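Novice: starting from these lines, generate the structure:
(one chain, ligands or ions: 2)
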Amino acid sequence: TPRDKIRNFSIIAHIDHGKSTLADRLIQTCGGLTVREMKEQVLDSMDIEKERGITIKAQTVRLSYKANDGEEYVLNLMDTPGHVDFSYEVSRCLAACEGALLVVDASQGVEAQTLANVYQAIDQDLEIVPVLNKVDLPAADVQRVKDQIEDIIGLDASDAIETSAKTGLGISDVLEAIVTRLPPPDSGDADAPLKAALVDAYYDPYLGVVVIVRIHDGVLKAKQRIRMMRTGGTYEIDKVGTFNPKLTEVESLGPGEVGYFVASIKEVGDTAVGDTITEERRPAEKALPGYKEVQPVVFCGLFPMDAGDFDDLRAAMGKLRLNDASFTWEMETSAALGMGFRCGFLGLLHLEIIQERLSREFDLDLIATAPSVVYEMTMTDGTEIELHNPADMPEVTKIKEIREPWINATIYTPDEYLGAILKLCQDRRGIQTELSYVGGRALVKYELPLNEVVFDFYDRLKSISRGYASFDYEIVGHRAENLVKLQILVNDEPVDALAMLVHRDRAESRGRQMCERLKDLIPRQMFKIPIQAAIGGKVIARETLSALRKDVTAKCYGGDASRKRKLLDKQAAGKKRMRQFGKVEIPQEAFVAALRMD
Ligand code: GDP
Ligand code: MG
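Specialist: Ligands and ions are numbered 1, 2, ... in the order given. Down below sits the predicted model:
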């Protein structure tokens with residue numbers, strides 16, 4: 001395809017503003033699929049993606065569009081992942097485009113993710129066309145949303161396109177705007193050594209790893225030997241093609257084009273998003289800019305409820321990793337929970353998705369320990385270490401400094417919820433850096449320790465704002481803080497699965513809370529059991545579980561016989577899952593419940 005007939009673009013939007021529906025409309029209008037194939041939203045293919053309305057892997061679709069000028073154009077739509085955990089992938093995806101459609105729900109207006117995404121697009125120098133979607137809704141207020149786009153983002157919204165992806169209104173205007181308002185790709189050099197950006201990769205059971213690429217210089221074709229400039233891997237290309245949206249083989253891909261290749265790459269972990277692909281024999285001098293290695297930022301332990309499921313869990317994680325190299329793990333043994341894995345994730349949503357897939361697709365019953373962030377430590381002997389698991393914390397006397405990751409959080413909310421939100425941020429050790437009002441809404445920025453956000457911050461934010469506040473964050477670096485390891489002792493034995501790092505000022509209240517909760521969760525035994533929270537050797541909170549009453553069912557459940565039987569059955573089943581702590585047995589469920597925050 002001649003370069004001036006190509007448009008590479010992306011759709012950016014806050015969740016639920018209609019990105020997928022609009023993409024489907026564009027595909028349908030350009031005739032890429034039959035009506036039956038259209039029944040399912042094309043771009044969000046995984047079940048969880050569909051249910052949560054987010055895209056986890058980047059997807060692309062090539063559309064053929066005959067414009068009003070009578071010419072045939074190739075439009076490559078690159079669908080970006082829809083969540084902040086995957087913001088690096090989003091940036092690589094946007095880097096492969098020249099323009100973006102900024103979709104804003106005309107009945108809702110600009111939201112936190114709209115801002116985060118549009119700033120990324122502006123950073124990549126993309127041409128942006130604002131699209132006001134859902135104008136069919138009675139609550140749509142086109143003028144208000146145009147004003148927001150101009151006042152908050154600073155983009156000219158006078159030429160914004162009004163659409164209803166639901167009814168099809170305005171779709172042809174969007175297609176024309178893509179051709180007339182977005183620029184074609186920069187003139188690459190087809191004769192120069194190959195330079196292609198690795199946008200994303202996924203695992204296909206038949207083809208193996210499929211790599212999505214954007215060609216900058218040179219030509220990519222079958223039989224060519226290529227080299228990944230960062231990872232150093234070399235491969236022979238089997239096939240190249242485009243997404244129509246079904247995979248369709250082509251001879252070659254040239255400058256400005258977007259497509260895929262297959263080259264007997266074993267796992268997605270062998271590819272690095274943002275890498276530059278070149279020819280082995282005639283390599284490019286310099287890699288494309290912007291490469292960054294993705295690092296997990298949140299860790300948690302995953303343990304099978306039933307120790308017999310350990311091998312199944314390992315196998316399931318291996319399968320998930322085929323398609324998601326950002327998910328990492330190593331084996332972990334916990335006295336409380338048995339054998340399991342310490343897993344690393346890009347963020348909280350990533351953690352939730354993996355956990356959900358393990359239980360749903362592989363039918364595994366899991367216990368997840370409280371999520372924890374990555375701490376950096378400088379030791380007194382000058383060495384630097386990274387701590388992924390509070391249970392592994394070295395002796396305090398050997399630590400000179402502990403640093404924890406901080407984030408810049410952007411919260412965007414109707415102003416009536418502002419008071420409660422400020423209090424929430426303040427309670428989580430937040431530092432306010434910005435507060436501004438735009439038309440009945442408040443934009444607040446806070447610096448917060450990530451550690452305080454991984455515990456249910458997002459859920460609390462949603463509940464105090466009745467779902468209206470939106471939230472986005474980026475990690476800004478590690479800061480030295482007065483952090484201590486809080487240990488929980490049951491009958492004088494420390495319980496590893498309950499160890500955590502907390503700020504010194506919060507240790508006492510957190511310790512008290514854990515002790516109180518455990519007192520209700522651990523079944524009484526024949527003797528008194530002390531439950532303590534301690535920092536180093538010093539006990540800072542204490543509860544005592546009194547000795548067993550005669551009849552376990554008498555107290556909690558009055559007279560209901562069937563309930564009594566259920567309880568007894570449950571206890572029998574629970575026996576297997578008891579963990580011995582010295583003389584004390586603790587049901588696994590107690591750990592799960594104790595770790596839950598509220
Ligand atoms: P995404 O999260 O941005 O991909 O949003 P979706 O495309 O999944 O749309 C979210 C919801 O809004 C779905 O229930 C859509 O049916 C609905 N929706 C999308 N576009 C329109 C529109 O133009 N009008 C109306 N009334 N609903 C729409
Ligand atoms: Mg979607």
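Novice: use CA for all of it now, contacts and neighbours both
Specialist: Will do.
Novice: which stretches in the stretch 101-250 of the chain count as helices?
Specialist: Secondary structure of the stretch 101-250 of the chain, counting by DSSP state H, counting those that start in this stretch: helices at 112-123, 142-148, 171-181.
Novice: does ligand 1 have contacts with the last one?
Specialist: This points to helix 171-181. No: no part of helix 171-181 sits near ligand 1 under the criterion Cα under 6 Å from any ligand atom; the closest distance found is 10.2 Å.
Novice: that helix: which residues count as buried?
Specialist: For helix 171-181, the neighbour count (16 or more other Cα atoms under 10 Å) marks Ile171, Ser172, Val174, Leu175, Glu176, Ala177, Ile178, Val179 as buried.
Novice: for Gly232, find the nearest of the helices of the stretch 101-250 of the chain.
Specialist: The minimum distance between Gly232 and these falls on helix 112-123, with 28.5 Å, by Cα to Cα.
Novice: so the residue of the stretch 351-500 of the chain found nearest ligand 2: helix, strand or coil?
Specialist: Of the residues in the stretch 351-500 of the chain, the one nearest ligand 2 is Ile353, at a distance of 15.6 Å by Cα to the ion. Of the three states, Ile353 takes helix under DSSP: H, G, I helix; E, B strand; the rest coil.
Novice: find me the pLDDT at it, would you?
Specialist: Here, the pLDDT recorded for Ile353 equals 82.
Novice: same question, Glu40
Specialist: Confidence per residue is given as pLDDT, and for Glu40 that number is 54.
Novice: can stretch 104-122 be found next to ligand 1?
Specialist: No: where contact is defined by Cα under 6 Å from any ligand atom, no part of stretch 104-122 touches ligand 1; the two come within 7.9 Å at best.
Novice: how far out from the middle of the chain is that stretch?
Specialist: Relative to its parent chain, stretch 104-122 has a centroid offset of 18 Å by Cα atoms, centre = their mean, to the nearest Å.
Novice: contact partners of it?
Specialist: If you take Cα atoms under 8 Å, 6 or more residues apart in numbering as the criterion, stretch 104-122 is touched by 12-15, 17-18, 91, 94, 100, 102, 128, 130-135, 137-142, 144-145, 148-149, 153, 410-412, 470-472.
Novice: CA atoms only for the one helix or strand Pro530 maps to, dumped as PDB, please.
Specialist: If you go by DSSP states H and E, Pro530 is part of strand 529-535. Coordinates of each C-alpha in strand 529-535 appear next as PDB, following Å, rounded to 0.1, in the frame of the first residue of the first chain:
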ATOM      1  CA  ILE A 529      -4.400 -18.500  73.500                       C
ATOM      2  CA  PRO A 530      -2.700 -15.100  73.400                       C
ATOM      3  CA  ILE A 531      -2.900 -13.300  70.100                       C
ATOM      4  CA  GLN A 532      -0.300 -10.500  69.800                       C
ATOM      5  CA  ALA A 533       1.000  -8.000  67.300                       C
ATOM      6  CA  ALA A 534       4.600  -7.100  67.700                       C
ATOM      7  CA  ILE A 535       7.300  -5.000  66.200                       C
END
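Novice: against which helices or strands is that strand packed?
Specialist: For strand 529-535, the contact count by 3 or more Cα pairs under 8 Å, 6 or more residues apart in numbering; DSSP states H and E identifies strand 483-490, helix 504-521, strand 538-545 as packing neighbours.
Novice: output these in CSV, with distance to ligand 1 and mean pLDDT appended to each entry.
Specialist: Formatted as CSV, the entries for the helices and strands packed on strand 529-535 read as follows, by distance: least, Cα to the nearest ligand atom, whole Å; pLDDT from 0 to 100:
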stretch, distance to ligand 1, mean pLDDT
strand 483-490, 39, 92
helix 504-521, 37, 90
strand 538-545, 46, 93
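Novice: name the residue of the stretch 351-500 of the chain that lies nearest to ligand 1.
Specialist: Per Cα to the nearest ligand atom, the residue of the stretch 351-500 of the chain with the smallest distance to ligand 1 is Ser470, at 13.7 Å.
Novice: that residue against Thr413, yeah?
Specialist: Yes: between Ser470 and Thr413 a contact is recorded at 6.5 Å, counting by Cα atoms under 8 Å.
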